[in-house]
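> Pasting a predicted model and its sequence here:
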Amino acid sequence: MLWLKAKELKQRPSELLNIRLSNYVAYCLDEAVVFFGLQLEGMLDEAGQKPDKESARIERERKRVLDKIFGDGDDTKHFADPAVMFGN
């Protein structure tokens, strides 16, 4: 995932993709990737965070969040729908 790679390498996502069309395009991509990455990390952190839950339950909740964002293995979808992050 671009967010994790950019975070680990301490580089902007636009630099990793070698986007040099314009400063504005690079800025928009960087902002979108950072926003998505932070939202996803927050959702994963919140999933199953009750102290009395077992680790298997927490893992299932985290998987549910990832399936909601990236799909449930349906081969007909090829891209994640960003609007899913804002729905119930």
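Now that the structure is in, tell me what you want to look at. On a predicted model such as this, the values are computed, not experimentally measured, just so you know.
> mind listing what residue 37 touches?
By Cβ atoms under 8 Å, 6 or more residues apart in numbering, residue 37 lies in contact with 1, 3, 4, 7. Heads up, the C-betas are built off the backbone N, CA and C, glycines and all.
> Please report how far the second one lies from residue 29.
Think residue 3. 11 Å (Cβ to Cβ, to the nearest Å).
> repeat for the third one
Taken as Cβ to Cβ, the spacing of residue 4 relative to residue 29 amounts to 16 Å.
> These two: which has the busier surroundings?
residue 29 (18 against 11; other Cβ atoms under 10 Å).
> who are the neighbours in contact with that one?
13, 14, 17, 19.
> and if we set it to 6 Å?
13, 14 (Cβ atoms under 6 Å, 6 or more residues apart in numbering).
> what distance separates the least confident helix or strand in the chain by mean pLDDT from the centre of its chain?
In the chain, the helix or strand scored least confidently by mean pLDDT, DSSP states H and E is helix 55-70, which has a mean of 83. The chain centroid and the centroid of helix 55-70 are separated by 13 Å under Cα atoms, centre = their mean, to the nearest Å.
> packing partners for it?
helix 23-46 (3 or more Cβ pairs under 6 Å, 6 or more residues apart in numbering; DSSP states H and E).
> buried sites along the helix it packs on?
Residues of helix 23-46 classed as buried by neighbour count (16 or more other Cβ atoms under 10 Å): 26, 29, 30, 33, 36, 37, 40, 43, 44.
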